[in-house]
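A.B. asks: next comes the sequence, and after it the predicted model I'd like to discuss.
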Amino acid sequence: MSPALAASTTAPGKSKEAEIKRINKELANIRSKFKGDKALDGYSKKKYVCKLLFIFLLGHDIDFGHMEAVNLLSSNKYTEKQIGYLFISVLVNSNSELIRLINNAIKNDLASRNPTFMCLALHCIANVGSREMGEAFAADIPRILVAGDSMDSVKQSAALCLLRLYKASPDLVPMGEWTARVVHLLNDQHMGVVTAAVSLITCLCKKNPDDFKTCVSLAVSRLSRIVSSASTDLQDYTYYFVPAPWLSVKLLRLLQCYPPPEDAAVKGRLVECLETVLNKAQEPPKSKKVQHSNAKNAILFETISLIIHYDSEPNLLVRACNQLGQFLQHRETNLRYLALESMCTLASSEFSHEAVKTHIDTVINALKTERDVSVRQRAADLLYAMCDRSNAKQIVSEMLRYLETADYAIREEIVLKVAILAEKYAVDYSWYVDTILNLIRIAGDYVSEEVWYRVLQIVTNRDDVQGYAAKTVFEALQAPACHENMVKVGGYILGEFGNLIAGDPRSSPPVQFSLLHSKFHLCSVATRALLLSTYIKFINLFPETKNTIQGVLRAGSQLRNADVELQQRAVEYLTLSSVASTDVLVRAPHLPWGPFLSPDGKCPSPDRAPHNPQATVLEEMPPFPERESSILAKLKRKKGPGAASALDDGRRDASSSDINGGVEPTPTPSPSADLLGLRAAPPPAAAPAPASAGSLLVDVFSDGPAAPPSLGPTPEEAFLSPGPEDISPPIPEADELLNKFVCKNNGVLFENQLLQIGVKSEFRQNLGRMYLFYGNKTSVQFQNFLPTVVHPGDLQTHILLDLALLVVSLRLRHQWAQLAVQTKRVAAQVDGGAQVQQVLNIECLRDFLTPPLLSVRFRYGGSPQSLTLKLPVTINKFFQPTEMAAQDFFQRWKQLSLPLQEAQKIFKANHPMDAEVTKAKLLGFGSALLDSVDPNPENFVGAGIIQTKALQVGCLLRLEPNAQAQMYRLTLRTSKESVSRHLCELLAQQF
């Protein structure tokens with residue numbers, strides 16, 4: 001490396017232009033040297049290749065010198081060969097034309113038996129790690145690893161190289177014949193070889209545990225020698241008075257891949273090792289340096305993890321709990337965090353649960369006083385894990401108190417935990433009702449519909465708590481500031497059980513109605529719909545309120561409401577209350593639903609509605625079926641797949657496993673829990689757009705401020721402002737590109753030599769948000785860049801001067817449109833190498849068959865460019881998974897038995913038939929997979945609901961693979977013919 005080059009390119013004060021000028025000068029000089037008539041010696045080649053490498057590391061592109069680097073590999077000098085390998089590892093990709101020459105040079109070095117050259121070659125293979133190199137050397141590396149004449153450094157490099165190739169391409173590493181000899185490396189005298197071998201074996205045994213189970217006894221033996229040794233015995237591998245800490249941690253992790261040893265001698269030796277580690281943790285530190293405590297604690301925590309994994313030694317579990325308890329008040333934040341995390345797992349063990357409970361006061365104090373939010377979250381997790389009937393009220397009380405000041409990021413999780421604990425350990429259900437209402441009062445925005453649905457189920461199912469619930473919610477509604485979720489709960493409970501408190505003059509029927517109606521104008525459309533249902537129930541419960549309620553329903557604000565749902569309810573309820581006879585409005589005991597309404601105020605599916613038109617339509621809600629609470633399932637989804645064991649703690653309290661209540665009709669996520677944020681706040685207002693009818697429609701129907709219409713496109717954009725009629729047809733491969741996104745939401749939608757378009761999207765209910773990333777792959781600026789989204793199903797309108805006609809036109813379009821898409825304008829210029837982002841807010845109004853079109857137009861180098869793609873928005877994106885039992889599935893399957901409701905396709909597999917891949921695709925498609933429903937375990941059964949604003953379409957599917965014939969049979973049944981056929985076509989293309 002030239003000191004002058006390094007100094008001139010890194011000196012402070014140098015401008016970017018000066019650096020580029022200096023770099024270009026040096027590149028020209030190097031290029032002339034490589035192309036000169038005079039052959040360069042090895043030293044000169046090394047020097048210039050090293051300069052190229054340095055220039056690349058500064059961020060500049062290098063497009064020559066690769067062949068010279070390859071030539072350095074054949075040198076017999078270490079420094080020259082080292083620079084050659086370094087250059088190749090950094091700058092040569094797996095698709096390079098030189099890869100064959102590189103592989104030949106590596107083969108020569110591996111066969112040279114020179115340990116230094118062999119290590120350089122192995123390091124290069126590991127750094128590149130491509131499949132091509134794996135195919136070339138996967139068979140040679142295991143032989144080098146176990147060869148008796150290989151040097152220790154070569155074995156160490158070979159083990160790590162093999163590990164790298166295995167992680168990249170597991171199918172290329174055949175370990176069958178080498179397994180026993182690789183495991184035997186745990187007995188190697190060189191600690192570095194053992195450390196590398198443990199890393200390799202740990203990875204291999206996760207896929208083939210039976211092949212490597214003999215490693216357990218060898219790992220225990222090696223661990224015992226390390227733990228029992230003094231710091232002076234392993235001087236080369238002692239770190240701040242701790243013998244071989246990294247190897248000890250790796251061995252402990254390897255043992256966690258297997259159950260406790262069956263051999264009594266091996267198990268006894270392992271228990272002795274674990275006890276020794278716990279004993280050493282109590283000894284005074286041999287150094288005050290943080291490195292000593294870190295190494296010591298790393299071994300301790302991994303030991304505790306192994307004890308928890310075995311869960312078979314009560315004495316060790318209790319000792320581990322006591323040791324962790326000492327860390328709960330340690331001054332080091334990381335130790336407190338790890339202690340809380342480990343104790344969460346210990347709390348689920350029947351042997352250590354009582355020992356964990358002794359630290360409840362310390363954990364509560366941590367929840368109140370910790371400054372680090374992650375530590376507070378672990379403290380909340382631990383309180384949840386240690387809760388049982390003896391301390392439930394104390395823990396729930398403390399969590400409610402903490403919720404008032406909790407960080408916003410963890411409030412929803414704490415709400416779910418409080419709701420689960422209050423229900424699971426409720427002996428007195430009046431306490432449960434008080435707890436949930438307190439929850440809504442303190443953190444109403446974070447109380448999802450699963451929570452308040454659940455309290456309604458339990459109140460409905462238990463006669464002894466209905467009167468108390470009505471009285472309590474009536475009192476809660478009297479607060480000046482009342483959260484909307486409280487209004488929902490109050491509307492439902494008073495509509496069902498308000499008669500139980502109507503005898504008190506302070507809660508007479510007119511007072512109940514006035515209290516509820518005082519909240520009406522402050523609520524969202526969904527809550528107003530529920531309150532209208534409550535009002536019609538009041539007419540049945542309290543005839544004296546009929547005239548007042550009819551007056552409310554007759555008001556212009558209801559009969560001419562802009563929201564079609566509220567308008568329809570007001571008209572139908574008013575007519576029902578006016579013309580229905582007394583025998584229709586009388587309360588009857590056993591119909592599927594009260595006034596055709598589920599708890600969220602929506603009409604149930606047709607198969608649940610009464611078929612007799614003279615049957616009673618206003619009735620008490622019948623008891624819900626006794627099923628598992630959906631709140632626990634929601635908490636598991638929020639915590640991730642790895643949290644199931646921590647949340648399912650039924651082992652320690654069998655009597656608490658009977659959770660009261662049942663499962664509600666499939667709830668729609670609440671706005672407060674909307675992952676997309678589309679309901680919580682309107683999307684950003686778009687920049688002023690050309691005054692097309694479409695842009696006016698977006699402004700009129702959006703919640704945000706309307707953008708002022710302009711008279712037309714600017715002159716620069718005149719040729720770029722496509723209407724739906726002049727959008728060019730989609731490119732030929734548009735369907736193929738769309739098909740890749742049916743079961744996934746993120747990826748590259750389109751790429752050519754000029755432009756790359758990436759997509760990242762998320763969907764919830766009938767709403768979606770999509771981010772489009774436009775990347776300029778050239779060094780030339782794109783001019784007049786204009787992406788446009790059009791949906792073929794939308795009715796097109798024109799600007800009307802008469803306002804009344806405009807409103808009518810807009811209403812017609814809104815009524816028949818299939819998708820509403822709000823787009824945010826992007827910059828008209830995209831610099832070379834730059835990327836711009838466009839946000840699309842999508843609402844599914846009705847089911848649709850054709851996806852929206854994305855037209856991208858811009859000028860590149862003065863010439864216009866245009867392409868049209870199909871936007872990856874298909875009907876299954878609005879698929880909400882639905883869990884149901886086998887009995888319910890087959891009942892619903894039989895109800896959807898009309899010929900037009902079923903679509904079936906038998907087709908040949910286009911991809912390898914892998915059960916896990918099939919499962920992942922079905923989950924990505926949006927369906928919930930139902931276990932133990934189909935008698936054939938090889939088949940896949942799913943259920944879900946297509947969410948649109950106009951209606952909900954229930955969907956059931958069954959996929960039957962025939963591995964022998966390489967065929968599939970796919971059957972879909974929905975309540976709408978077009979949806980059945982379209983979903984069947986979409987899903988069949990994925991297999």
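C.D. replies: The structure has been received and is ready for your questions. Numbering: from 1, shown residues only.

A.B. asks: what are the boundaries of the helices in the stretch 451-600 of the chain?
C.D. replies: Counting by DSSP state H, counting those that start in this stretch, residue ranges of the helices within the stretch 451-600 of the chain are 463-476, 484-497, 509-517, 525-541, 546-554, 556-559, 564-579, 582-585.

A.B. asks: can you redo the ones you listed as TSV with distance to A943?
C.D. replies: All C-beta atoms are positioned from the backbone trio N, CA, C, and that covers glycine. TSV is the format used below for the helices of the stretch 451-600 of the chain (distance: least, Cβ to Cβ, whole Å):
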stretch	distance to A943
helix 463-476	32
helix 484-497	26
helix 509-517	36
helix 525-541	24
helix 546-554	37
helix 556-559	36
helix 564-579	25
helix 582-585	34
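
A.B. asks: out of those helices, which one sits most buried?
C.D. replies: Most buried of the helices of the stretch 451-600 of the chain, by mean neighbour count (mean count of other Cβ atoms under 10 Å): helix 484-497, with a mean of 26.

A.B. asks: from the contact counts, what lies against that one?
C.D. replies: Applying 3 or more Cβ pairs under 8 Å, 6 or more residues apart in numbering; DSSP states H and E, one finds that helix 484-497 contacts helix 429-443, helix 449-461, helix 463-476, helix 509-517, helix 525-541.

A.B. asks: go through these and name the closest to T868.
C.D. replies: helix 525-541 (36.4 Å; Cβ to Cβ).

A.B. asks: returning to that earlier point: can you redo the helices and strands packed on helix 484-497 as CSV with mean pLDDT?
C.D. replies: Below are the helices and strands packed on helix 484-497 laid out as CSV (pLDDT from 0 to 100):
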stretch, mean pLDDT
helix 429-443, 90
helix 449-461, 86
helix 463-476, 91
helix 509-517, 92
helix 525-541, 90
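
A.B. asks: using JSON lines, please lay out the ones you listed together with distance to F907.
C.D. replies: Below are those laid out as JSON lines (distance: least, Cβ to Cβ, whole Å):
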{"stretch": "helix 429-443", "distance to F907": "50"}
{"stretch": "helix 449-461", "distance to F907": "38"}
{"stretch": "helix 463-476", "distance to F907": "54"}
{"stretch": "helix 509-517", "distance to F907": "55"}
{"stretch": "helix 525-541", "distance to F907": "41"}
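
A.B. asks: figure out which of those helices is closest to I102.
C.D. replies: Nearest to I102, of all those, is helix 449-461, at 57.4 Å by Cβ to Cβ.

A.B. asks: how far does the closest one sit from its chain's centre?
C.D. replies: In terms of Cα atoms, centre = their mean, to the nearest Å, the gap separating the centre of helix 449-461 from the centre of its chain is 27 Å.

A.B. asks: what do you get for stretch 173-180?
C.D. replies: The answer for stretch 173-180 is 36 Å, by Cα atoms, centre = their mean.

A.B. asks: can you tell me how far Q457 is from S855?
C.D. replies: Going from Q457 to S855 by Cβ to Cβ, to the nearest Å gives 49 Å.

A.B. asks: so these two - more neighbours on which side?
C.D. replies: Counted by other Cβ atoms under 10 Å, Q457 and S855 do not tie: Q457 has more neighbours, with 25 against 20.

A.B. asks: let me know which of the helices of the stretch 451-600 of the chain is the nearest to R331.
C.D. replies: Each of the helices of the stretch 451-600 of the chain has some distance to R331 by Cβ to Cβ; the shortest is helix 484-497, at 41.4 Å.

A.B. asks: looks to me like A39 is in a strand.
C.D. replies: No: secondary structure of A39 (DSSP: H, G, I helix; E, B strand; the rest coil): coil, not part of a strand.

A.B. asks: give the contact list for the closest residue to L845 other than its chain neighbours.
C.D. replies: The spatial neighbour of L845 that comes closest, neighbours along the chain excluded (Cβ to Cβ, 6 or more residues apart in numbering), is K949 at 4.8 Å. Applying Cβ atoms under 8 Å, 6 or more residues apart in numbering to K949 gives the contacts 766, 843-846.

A.B. asks: which one of those is nearest to L970?
C.D. replies: Nearest to L970 among the contacts of K949: C844, at 23.2 Å, using Cβ to Cβ.

A.B. asks: hmm, back to that, assign a three-state SS to the residue nearest to L845, would you?
C.D. replies: coil.

A.B. asks: please report how far it lies from A820.
C.D. replies: Per Cβ to Cβ, K949 is found 9 Å from A820.

A.B. asks: now tell me what touches stretch 887-897 from outside.
C.D. replies: Under Cβ under 8 Å, 6+ apart, the answer for stretch 887-897 is 607, 884, 902, 930, 933, 941, 943, 954, 956, 973-975.

A.B. asks: show me which residues of it are buried.
C.D. replies: 888-889, 892-893, 895-896 (16 or more other Cβ atoms under 10 Å).

A.B. asks: again with stretch 213-228
C.D. replies: Result for stretch 213-228 [16+ other Cβ under 10 Å]: buried residues 215-224, 226-227.

A.B. asks: of these, which belong to helices?
C.D. replies: 215-224, 226-227 (DSSP state H).

A.B. asks: closest one of those to S430?
C.D. replies: When those are compared against S430 (criterion: Cβ to Cβ), the nearest one is V216, at 54.3 Å.

A.B. asks: quick one: least confident helix or strand in this protein?
C.D. replies: Lowest by mean pLDDT, DSSP states H and E among the helices and strands of the chain is helix 693-701, with a mean of 29.

A.B. asks: for K368, give me its contacts.
C.D. replies: Y402.

A.B. asks: what do you get for the one 10 residues further on?
C.D. replies: With contacts defined as Cβ under 8 Å, 6+ apart, R378 is in contact with 337, 340-341, 344.

A.B. asks: make a markdown table out of these and add neighbour count.
C.D. replies: Supplementary listing: the contacts of R378 in a markdown table, determined by neighbours: other Cβ atoms under 10 Å:
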| residue | neighbour count |
| --- | --- |
| Y337 | 20 |
| L340 | 29 |
| E341 | 18 |
| C344 | 23 |
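
A.B. asks: which two in those are spaced the farthest apart?
C.D. replies: Within the contacts of R378, two members stand farthest from each other by Cβ to Cβ: Y337 and C344, at 11.2 Å.

A.B. asks: output the below-cut-off pLDDT ranges for the stretch 551-700 of the chain.
C.D. replies: Under the criterion pLDDT under 70, the flagged ranges of the stretch 551-700 of the chain are 556, 580-622, 624-700.

A.B. asks: strand partners of the helix or strand containing K905, parallel vs antiparallel please.
C.D. replies: Using DSSP states H and E, K905 sits within strand 902-908. Paired with strand 902-908 in the same sheet, following DSSP bridges, are strand 967-974 (antiparallel).

A.B. asks: name the residues that touch the strand it pairs with?
C.D. replies: Residues outside strand 967-974 that contact it (Cβ under 8 Å, 6+ apart): 893, 896-897, 901-909, 946, 953-962, 980, 983-984, 987-988, 991.
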